[in-house]
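Novice: Need coordinates for the following:
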Amino acid sequence: MRFQDLLAYKKSFELAMDIYAISKNFPAEEKYSLTDQIRRSSRSVSANIAEATRKRSYEKHFISKLTDSDAENSETQVWLEYSHACNYIDTIQFETLTSKSIEVGKLLNYMMNNLDKFS
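Specialist: Reported below is the predicted structural model:
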């Protein structure tokens, strides 16, 4: 199984790239705070999925990495809320990105609850 073939990986990678593109328009004073944080957390989701697939022979390690991925996904949602509250993204962008993040979370939970399909 290649991690690149997992739907959770594909969707999380797409979300991270969407966030990268949108965050290019954030104010310069946010470069080392909000912009950096939202990019890091969103990218970490797919990176942790990739790491999890390498540990899938060890159920607890696999779940641990997927849990890390889910936590990073939740952090991304917080940064999206800040981005929206600061008017760096509009309501449509916020809702679209948040919806994608929720979908990623559901896919991660599916993986954790159906280990036999991924080991």
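Novice: Show me what the longest helix along the chain packs onto, helices and strands only.
Specialist: Longest helix of the chain, by residue count under DSSP state H: helix 59-85. If you count contacts as 3 or more C-beta pairs under 8 Å, 6 or more residues apart in numbering; DSSP states H and E, helix 59-85 packs onto helix 7-23, helix 36-54, helix 91-113. All C-beta atoms are positioned from the backbone trio N, CA, C, and that covers glycine.
Novice: Let's see that with 7 Å instead.
Specialist: helix 36-54, helix 91-113 (3 or more C-beta pairs under 7 Å, 6 or more residues apart in numbering; DSSP states H and E).
Novice: closest to residue 75 out of those helices?
Specialist: helix 36-54 (4.2 Å; C-beta to C-beta).
Novice: re earlier: quick check: mean pLDDT of the longest helix of the chain?
Specialist: Average pLDDT, helix 59-85: 97.
Novice: Now residue 112: closest residue in space, sequence neighbours ignored.
Specialist: residue 66 (5.2 Å; C-beta to C-beta, 6 or more residues apart in numbering).
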